[in-house]
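Q: Requesting a structural model of the entry that follows:
(2 chains)
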Amino acid sequence: AQRVTQPEKLLSVFKGAPVELKCNYSYSGSPELFWYVQYSRQRLQLLLRHISRESIKGFTADLNKGETSFHLKKPFAQEEDSAMYYCALSDSWGKLQFGAGTQVVVTP
Amino acid sequence: DAGVIQSPRHEVTEMGQEVTLRCKPISGHNSLFWYRQTMMRGLELLIYFNNNVPIDDSGMPEDRFSAKMPNASFSTLKIQPSEPRDSAVYFCASSLMGGLNEQFFGPGTRLTVL
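A: Numbers count the residues shown, from 1 in each chain, chains lettered A, B, ... in the order given. Prediction:
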């Protein structure tokens, strides 16, 4: 069965500190993984996708098939990074399975 | 472009009433998704359409829920009769068909069933 696990409901970090959001998945096929973000009073939006191997707003995520993980990292957190972050797994049709989400709070 | 449009933004109704949520996808997108978000269950996919055809409705919780997409620019999610446990935020999203394409989300409809 397809499953996405985000073990942390809340992550509180200081500005300038590194932040890592954990995501583990289970999927029988070749996974397509995404991170979506929802800032306060804004729509849920795509942050990055694993296939692009890109860094967006200083965030990166590496797919580790051995550990079935897709953790999101940023070396220096900023206050504007405070948001709800969702890890998501897609099948070939584009059907997304979301994790429970991690609320990130960056304090000055 | 206004993006995905949903209406109403807020709906308060009484148990037993019919509720209809509406969605207008981004022009040119051929996939449309309905999600429900609750504290207990997070974001759940209810149903999705490709080229106006329902592909997977396995997430629809009960027969009280139904969704239609009569054309490429409009979809509805109906709950009849509504129950208090249906209270949630309902999101619509659209994308170009295919697993790697970004889904664009609407602002959501916050439904409260008393």
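Q: What segments of chain A are strands?
A: Here chain A has its strands, by DSSP state E, at A:3-5, A:10-14, A:19-21, A:24-26, A:32-38, A:45-49, A:60-64, A:69-74, A:83-90, A:96-98, A:102-107.
Q: How about the residues of chain A by chain B?
A: Residues of chain A lying near chain B by Cβ under 8 Å from any Cβ of the partner chain: A:32, A:43-46, A:49, A:51, A:86, A:90-101. Any C-beta I mention is one placed from the backbone N, CA and C, and that applies to glycine too.
Q: Need the strands of chain A in CSV (columns: mean neighbour count, mean pLDDT and distance to B:Lys78).
A: As requested, the strands of chain A are arranged in CSV below (neighbours: other Cβ atoms under 10 Å in any protein chain shown; pLDDT from 0 to 100; distance: least, Cβ to Cβ, whole Å):
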stretch, mean neighbour count, mean pLDDT, distance to B:Lys78
strand A:3-5, 16, 94, 29
strand A:10-14, 13, 97, 35
strand A:19-21, 19, 97, 36
strand A:24-26, 17, 95, 33
strand A:32-38, 22, 94, 26
strand A:45-49, 18, 93, 27
strand A:60-64, 16, 91, 37
strand A:69-74, 20, 96, 36
strand A:83-90, 22, 95, 26
strand A:96-98, 21, 91, 23
strand A:102-107, 17, 97, 32
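Q: I'd like to know which of those strands is closest to B:Met60.
A: Among the strands of chain A, the nearest to B:Met60 by Cβ to Cβ is strand A:96-98 (15.8 Å).
Q: Sheet partners, orientation included, of the helix or strand B:Gln6 falls within?
A: Assigned by DSSP states H and E, B:Gln6 falls within strand B:5-7. The strands that strand B:5-7 pairs with in its sheet are strand B:19-24 (antiparallel) (by DSSP bridges).
Q: Can I get the next helix or strand after the partner strand in CSV? Just the C-alpha atoms.
A: The C-terminal neighbour of strand B:19-24 among helices and strands, as given by DSSP H and E, is strand B:31-38. What follows is strand B:31-38, C-alpha atoms only, in CSV (Å, rounded to 0.1, in the frame of the first residue of the first chain):
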residue,chain,number,x,y,z
SER,B,31,-6.9,16.9,-14.4
LEU,B,32,-9.1,17.9,-11.4
PHE,B,33,-8.8,16.7,-7.9
TRP,B,34,-11.1,17.1,-4.8
TYR,B,35,-9.5,16.8,-1.4
ARG,B,36,-10.8,17.0,2.2
GLN,B,37,-8.7,18.3,5.1
THR,B,38,-9.5,17.5,8.7
